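Peer 1: 3D model of this:
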Amino acid sequence: MTAITSATEEEEDVARRLSLPVRLVNARVTYKNAPIHLLEKFTFKDIESAHRAFLEAGAEECVILQTCNRVELYAAAGDEKKLLDRWAQVAGLAEKDLSSCVQVSTDGDAVTHLLKLASGLDSLVVGEDQILGQVRRALEFSKSNRYAGANLGMIFDRALKVGSRVRNATGINKGNVSIASVAVSLADEYFDDLKSKKVMLIGSGEAASLVAKVLKGRGIDFIVTSRTFQRARSFSETVAGKPVPFDAALGMFGEVDLIFVASSAPYFLIPYERMEKAVLSRKDPMMIFDLSNPRTVEEKVATLHGVKLVNMDQIAELVEKNMRSRMKEIQSAEKIIDEEMRSVDGMMKRLKAEPVVVSVFKSVDAIRERELKKALSMLGKDASPEQAKVVEQLSYAIVEGILASPMNYLRREMEARGDGDNSKSAEELMKIVAKMFRYDQQQQDEKK
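Peer 2: Model prediction:
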């Protein structure tokens with residue numbers, strides 16, 4: 001009776017695992033459904049403990065992607081509700097706050113989202129490249145700490161390859177689409193060697209910060225000034241630039257080659273008369289970008305000989321043109337993603353057979369090891385270490401030779417039967433295979 005009960009429990013366990021195959025869950029809060037101040041509430045202050053918390057909640061694997069515009073969880077799990085409950089617990093949120101902002105996708109929909117994300121289609125700025133590196137780093141962190149395994153590893157690797165392919169095959173990331181990037185690129189085109197020029201940034205707000213980051217990223221030195229020197233000094237410490245007092249900066253107009261003005265001042269910081277005096281002693285051309293709203297460079301400055309003035313409207317027009325160009329590439333990118341999804345879908349179906357495949361190999365390997373010990377014992381001292389090694393390698397080869405074909409056939413059948421009405425027959429097939437190779441139970445039955 002005990003053996004019969006045990007067999008029934010084991011069959012139920014196999015059935016449970018086969019009815020709940022590896023399930024991919026993606027839960028995310030992004031700029032699309034939560035403002036930045038609310039998005040911050042969902043972030044994980046301790047990434048490592050967050051990974052462990054989700055594994056404790058039932059996830060077999062997990063990867064957390066966290067940027068300034070999104071917080072996303074990818075997990076191989078059976079129960080998504082437990083994951084969401086644990087998210088609320090870790091972030092210290094009420095369940096209603098979580099449910100109102102978190103978007104959940106599963107299986108194929110989750111994979112499609114990841115492919116689009118890595119390709120830059122889900123970013124605030126379509127086609128931006130930064131997200132690809134962020135996805136890669138999130139995967140590497142999870143793999144190095146053993147939070148992610150074969151399932152998420154396969155899917156993320158595919159996403160990274162698709163993201164690179166989309167960028168190489170389309171113009172989705174071509175052309176600058178930020179005011180700061182366009183301005184610096186225009187300056188780079190205007191001057192033969194921008195790094196050798198003297199550059200000044202006027203302003204200490206968000207717009208000035210974006211310009212400073214682009215300049216710093218391109219290795220361009222610059223001085224920064226603000227109407228309050230303390231702000232300029234704080235800006236230089238937190239962002240970049242060499243701070244100078246505002247009055248001193250106004251007296252340097254004749255020395256600098258490039259000026260970026262990004263200020264909220266309600267008056268002209270660069271009036272015509274001051275700039276007219278400054279250029280009298282200049283021989284080389286000068287470029288000024290007025291990125292302020294309202295404008296802080298008097299328009300008449302553009303009439304001065306050797307001065308090129310570019311205002312916000314001109315830059316915004318270029319940004320819009322580049323963005324329209326990127327948007328045209330979305331359809332081509334989605335076509336590449338659709339092609340890849342067909343391949344990934346087949347791989348996911350084959351993965352459903354892995355619990356049985358692993359179980360079969362484990363069961364057969366136990367028999368191989370037992371029989372190998374018997375054979376080596378029978379050979380006794382007559383067998384040298386080299387001969388024992390040959391016998392052991394033979395045992396491995398026999399197991400591999402016998403099981404490889406049927407297990408590969410099982411994977412192919414899972415892929416073929418993985419859709420619609422056929423999915424039930426796929427589950428039945430796995431149950432039959434699992435029962436056929438349950439040698440430990442067969443031995444118990446023989447002993448009775």
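Peer 1: Determine the longest helix present in the protein.
Peer 2: Longest helix in the chain, counting residues (DSSP state H): helix 385-416.
Peer 1: Now do the buried residues in that one.
Peer 2: Buried residues in helix 385-416, counted by 16 or more other C-beta atoms under 10 Å: 395, 399, 403, 407, 410, 411, 413, 414, 415. Glycine gets a C-beta too; all of them are placed from N, C-alpha and C.
Peer 1: isn't the third one right up against residue 358?
Peer 2: Spelled out, that is residue 403. No - in this structure, residue 403 is not within contact of residue 358 by C-beta atoms under 8 Å, at 11.4 Å.
Peer 1: Kindly provide the whole-number mean pLDDT of stretch 434-448.
Peer 2: The average pLDDT for stretch 434-448 rounds to 56.
Peer 1: what does stretch 341-351 give?
Peer 2: 73.
Peer 1: Skip the chain neighbours and tell me the closest residue to residue 429.
Peer 2: Closest residue in space to residue 429, ignoring its immediate chain neighbours: residue 413 at 6.0 Å, by C-beta to C-beta, 6 or more residues apart in numbering.
Peer 1: Kindly report the same for residue 173.
Peer 2: residue 127 (4.1 Å).
Peer 1: So the one you found: helix, strand or coil?
Peer 2: coil (DSSP: H, G, I helix; E, B strand; the rest coil).
Peer 1: Please report the distance of residue 177 from residue 320.
Peer 2: Counting by C-beta to C-beta, to the nearest Å, the gap from residue 177 to residue 320 is 9 Å.
Peer 1: How about residue 263?
Peer 2: 23 Å.
Peer 1: Which of these two has more residues huddled nearby?
Peer 2: Comparing residue 263 with residue 320 by other C-beta atoms under 10 Å, the one with more neighbours is residue 263, at 24 against 11.
Peer 1: do you know how far the closest residue in space to the more buried one that isn't next to it in sequence is from residue 225?
Peer 2: Distance criterion C-beta to C-beta, 6+ apart; nearest residue to residue 263, sequence neighbours excluded, is residue 203 at 4.2 Å. Using C-beta to C-beta, residue 203 is found at 8 Å from residue 225.
Peer 1: burial measure for residue 322, as a count.
Peer 2: Counted with other C-beta under 10 Å, residues neighbouring residue 322 total 19.
Peer 1: And residue 206, by the same measure?
Peer 2: 9.
Peer 1: And for the one 3 residues further on?
Peer 2: With neighbours defined by other C-beta under 10 Å, the count for residue 209 comes to 18.
Peer 1: pLDDT score for it?
Peer 2: 92.
Peer 1: Does it touch residue 236 like I think?
Peer 2: No - judged on C-beta under 8 Å, residue 209 makes no contact with residue 236 at a distance of 11.3 Å.
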